[in-house]
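A.B. asks: Got a sequence here, can you model it:
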Amino acid sequence: MEFIVGATSFSKDIVNNSNTASAVGSGSLPVFATPSMIALMENAASKCAQQFLDNDHTSVGISMNIQHTSATPIGMAVTATAELIEVDGKKLTFKVTAKDEVDEIGSGIHERVVIESSKFVCRTKAKKDKVAKQ
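C.D. replies: Predicted structure coming up:
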């Protein structure tokens, strides 16, 4: 796993009735929801990390510090960009931005950590089993 600081990846979506603030419950207006923007940013960062990982590893998000600064109406395209800006062991730090067809709509910092997929799934299954026994 040799990560390259400066690597980037992109994710794109179109604002529609299912990813608006009113649809996801984060507000009452028919504009691109903050949670939808964050998910798009996280997807871009996940894709950026995954290009350096083998099939037994993936990354999971551990923090987001995001500002959503401009509304985007239904029908407009939104593109999120993630740039790997720091690697500290298994922790990856990304600069993330989102733009619609007019201007930047959000930006911030997103952190992910590299995990071994099978071990992670086993731990989450054990957690679920523990709750089921209660």
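
A.B. asks: Pick out the residue closest to the middle of this structure.
C.D. replies: Glu42 (0.8 Å; CA atoms, centre = their mean).

A.B. asks: and that residue, that's in a helix?
C.D. replies: Yes - Glu42 forms part of a helix when assessed by DSSP: H, G, I helix; E, B strand; the rest coil.

A.B. asks: got a list of what it touches?
C.D. replies: 61, 64, 96, 110 (CB atoms under 8 Å, 6 or more residues apart in numbering). Every C-beta, even on glycine, is put in place using the N, C-alpha and C of the backbone.

A.B. asks: Who wins on neighbours among those residues?
C.D. replies: Tallying neighbours with other CB atoms under 10 Å puts Val96 at the head of the contacts of Glu42, with 26 neighbours.

A.B. asks: Next one: that one from Val102, what distance?
C.D. replies: As judged by CB to CB, to the nearest Å, Val96 and Val102 stand 19 Å apart.

A.B. asks: How about Glu42?
C.D. replies: When Glu42 is compared with Val102 (using CB to CB), they lie 23 Å apart.

A.B. asks: again with Ser59
C.D. replies: For Ser59 relative to Val102 (CB to CB), the value is 31 Å.

A.B. asks: Looking at those two, which one has more neighbours?
C.D. replies: Ser59 (23 against 10).

A.B. asks: on contacts alone, who are the packing partners of the host helix or strand of the more buried one?
C.D. replies: In this assignment (DSSP states H and E), Ser59 forms part of strand 57-68. Secondary-structure packing of strand 57-68 (3 or more CB pairs under 8 Å, 6 or more residues apart in numbering; DSSP states H and E): helix 34-50, strand 91-99, strand 104-116, helix 117-133.

A.B. asks: Could you quantify the relative orientation of it and strand 104-116 as an angle?
C.D. replies: 160 degrees (axes from the mean of the first three to the mean of the last three CA atoms, to 10 degrees).
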